[in-house]
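# next come a sequence and a model predicted from it.
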Amino acid sequence: MSVYKRLASLGLELPPPPKPVAAYIPWVRTGNLIYTSGQVPIAGGKPLCVGIVPTEVPPDKANAAARLCALNMLAVLHAATGEDLDRVTRVVRLGVFVACTPNFTAQPQVGNGASELMVEVFGEEIGRHARSAVGCSALPLGVPVEVDGVFEVRG
Amino acid sequence: MSVYKRLASLGLELPPPPKPVAAYIPWVRTGNLIYTSGQVPIAGGKPLCVGIVPTEVPPDKANAAARLCALNMLAVLHAATGEDLDRVTRVVRLGVFVACTPNFTAQPQVGNGASELMVEVFGEEIGRHARSAVGCSALPLGVPVEVDGVFEVRG
Amino acid sequence: MSVYKRLASLGLELPPPPKPVAAYIPWVRTGNLIYTSGQVPIAGGKPLCVGIVPTEVPPDKANAAARLCALNMLAVLHAATGEDLDRVTRVVRLGVFVACTPNFTAQPQVGNGASELMVEVFGEEIGRHARSAVGCSALPLGVPVEVDGVFEVRG
């Protein structure tokens, strides 16, 4: 099944790719790799939520925010692949940063919001990836999670 | 000398590769590069230590934890190379995350626990690598350090 | 215009590449990619400033520190390219870590200090890059910002 059919069957629509909030661009291709800039959980130009996990943003909300980061990343990748996500041959790596308190330990569960979307959209073989998930002190716009990625493409 | 002989002469045994604690996989290969997921200092399924550096975990203990992260990374890489670590042609980069207080500044000394093992095991020419070491607010399972990597392989 | 002419016209001089503060090396090349180690804002062996943003280091000072990180990165890259920065065909990615309080949200503006130097020195086509900018709890030597990078080179 094509990536776009899977997106539709999940009830997901690609947003316009978010504009970078500073002096960088959304993606760069080198060889067969596409590096995507850190994505934040913005929809319609507004953060889904702001604050630190878990005191200000509960973990399940942060998980939903990570999923939105991944959806925005797919929008960037859609543009990066000339609007052909089926050219993605592998999700190589995701980097997940969770703004959290010093005693929060469920960064992996937050990151799963992004990781699971990748597998749902690309399937097991292409979508499964290496990942690091770490806590951080704070993030741009005050959002609770930021996700970047490396993807392998053909053509 | 082969990597396995060096491991033996160091008195080290590769553990079974730790299972990812969430929806990702331990490594992905793209071209001649292997990306390994963030490794934590777990032995026999249990964290070597938990807490923030230096108030809850002293720096030398965190250094030992970083070394254990690197040993777990070698176990992953052993699997990733078809059980032939001698196919590693270069340790390209390590990323070191240290859960620490805002006034801790010895992240490099903590990270050396991982970096020095790479050089001991692969030798100077293959083992020396680029690295970033940063402080973070908290890590999965409450561990004080997490390490990920990029490796170049042949064959 | 060559990279060196641009540097001169900006009034910038490449420092000697900073020595790593621990058991790693400043850069590694694999294929056409050069990975540079995390650079800190050191000049003449001394940190430009130390402390957390924004309580101890104001954001505009942290922006200047990020620019210095990038200048040090160029010094490393100068060595990595056999003293020929014109062989850089693309700035692929920068990773920006800002030591900050939990309510600081202007990591992108701090990171711009590094990103804008890349574009000034390499021009739009080569210099524009993917980027992630995140807050962290603390950094080596107590500096407020650390920057690492991935570059594509020819020859």
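Noted; the coordinates are in hand.

# alpha carbons only for contacts and neighbour counts from here, please
OK.

# what helix or strand is the residue minimising distance to the centre of chain A located in?
For chain A, residue A:70 is the residue whose C-alpha lies nearest the centre (Cα atoms, centre = their mean; 2.4 Å). Using DSSP states H and E, residue A:70 sits in helix A:59-80.

# give me the sheet partners of the next helix or strand after that helix and which way each runs.
Toward the C-terminal end, the helix or strand that comes next after helix A:59-80 (DSSP H and E) is strand A:88-99. Its sheet considered, strand A:88-99 pairs with strand A:130-136 (parallel), strand A:145-153 (antiparallel) by DSSP bridges.

# any chance of these in CSV, plus mean neighbour count?
CSV is the format used below for the strands paired with strand A:88-99 (neighbours: other Cα atoms under 10 Å in any protein chain shown):
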stretch, mean neighbour count
strand A:130-136, 28
strand A:145-153, 25
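
# kindly indicate whether the nearest residue to residue A:62 once chain neighbours are set aside is helix, strand or coil.
Closest residue to residue A:62 apart from its sequence neighbours, by Cα to Cα, 6 or more residues apart in numbering or on different chains: residue A:110 at 5.8 Å. Of the three states, residue A:110 takes helix under DSSP: H, G, I helix; E, B strand; the rest coil.

# hmm, residue A:60 and residue A:110 touching each other?
Yes: here residue A:110 reaches residue A:60: they are 7.2 Å apart, a contact under Cα atoms under 8 Å.

# between those two, which has more neighbouring residues?
Higher neighbour count among residue A:110 and residue A:60: residue A:110, with 28 against 14, using other Cα atoms under 10 Å in any protein chain shown.

# so who does that one touch?
Residue A:110 sits next to A:59, A:60, A:62, A:63, A:64, A:66, A:98 when contact means Cα atoms under 8 Å, 6 or more residues apart in numbering or on different chains.

# any idea how far the fourth one lies from chain C?
Okay, so that is residue A:63. 18 Å (Cα to the nearest Cα, to the nearest Å).

# and that residue, how many residues sit next to it?
23.

# thinking again about what came up before, can you say which of the strands paired with strand A:88-99 is nearest to residue B:8?
strand A:130-136 (28.2 Å; Cα to Cα).

# show residues contacting the closest one.
Outside strand A:130-136, the residues touching it (Cα under 8 Å, 6+ apart) are A:92-101, A:107-108, A:111, B:24-28, B:35-38, B:97, B:136-140, B:148, C:134-137.

# and if you look at stretch A:66-86?
Contacts of stretch A:66-86 (Cα under 8 Å, 6+ apart): A:2-4, A:14-18, A:26-27, A:29, A:34, A:36, A:39-43, A:87-88, A:110-118, A:145-148, A:153.

# now the contacts of residue A:110 as JSON lines including pLDDT?
Listed next are these as JSON lines, based on pLDDT from 0 to 100:
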{"residue": "A:59", "pLDDT": "98"}
{"residue": "A:60", "pLDDT": "98"}
{"residue": "A:62", "pLDDT": "98"}
{"residue": "A:63", "pLDDT": "98"}
{"residue": "A:64", "pLDDT": "98"}
{"residue": "A:66", "pLDDT": "98"}
{"residue": "A:98", "pLDDT": "98"}
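
# show the buried residues in those.
A:59, A:62, A:63, A:64, A:66, A:98 (16 or more other Cα atoms under 10 Å in any protein chain shown).

# my guess is the second one contacts residue A:145, does it?
Pointing back at residue A:62 there. Yes: counting by Cα under 8 Å, residue A:62 does reach residue A:145; the two are 6.8 Å apart.

# ok, residue A:48 to chain C distance?
15 Å.

# please disregard the earlier target; I meant residue A:66.
Taking Cα to the nearest Cα, one finds residue A:66 at 15 Å from chain C.

# same question for residue A:44.
19 Å.

# what is the burial count for that residue?
Residues near residue A:44, counting by other Cα under 10 Å: 9.

# before we move on, what about residue A:120?
15.

# buried sites along the strand or helix carrying it?
Here residue A:120 sits within helix A:107-127, counting by DSSP H and E. Under the neighbour-count criterion of 16+ other Cα under 10 Å, helix A:107-127 has A:107-119, A:121-123, A:126-127 buried.

# for that helix, the averaged confidence score.
Helix A:107-127 shows a mean pLDDT of 97.

# and the buried ones among the contacts of residue A:110, which two are furthest apart?
A:64 and A:98 (12.4 Å).

# hmm, what's the outermost residue in chain A?
Largest centre distance within chain A, by Cα atoms, centre = their mean: residue A:103, 24.2 Å.

# skip the chain neighbours and tell me the closest residue to that one.
residue B:138 (6.4 Å).

# and that neighbour, how far from residue A:27?
28 Å (Cα to Cα, to the nearest Å).

# looking at these two, which is more packed in?
residue B:138 (33 against 25).

# close enough to count as contact, the more buried one and residue B:97?
No: between residue B:138 and residue B:97 there is no contact under Cα under 8 Å: 9.2 Å.

# surely residue A:30 touches residue C:89?
No: with contacts counted by Cα under 8 Å, residue A:30 stays clear of residue C:89, the gap being 9.7 Å.

# what do the two both touch?
With Cα under 8 Å, 6+ apart as the test, residue A:30 and residue C:89 both reach residue C:152.

# who's in contact with residue A:43?
Residue A:43 neighbours (Cα under 8 Å, 6+ apart): A:15, A:68.

# for it, give me phi and psi.
Dihedral angles of residue A:43 (phi, psi; degrees, to the nearest 10) stand at phi -130, psi 130.

# can you give me the end-to-end span of stretch A:75-93?
Note: stretch A:75-93 ends 17 Å apart using Cα to Cα.

# same thing with stretch A:125-143?
31 Å.

# now do stretch A:121-138
29 Å.

# how far is that stretch from where the chain is centred?
Put simply, stretch A:121-138 sits 8 Å off its chain's centre (Cα atoms, centre = their mean, to the nearest Å).

# sec struct for residue A:34, please.
Assignment for residue A:34 (three-state DSSP): strand.

# listing partners with orientation, what would you give for the helix or strand containing residue A:37?
Following DSSP H and E, one finds residue A:37 within strand A:33-39. Partners of strand A:33-39 in the sheet, by DSSP bridges, are strand A:27-30 (antiparallel), strand A:145-153 (antiparallel).
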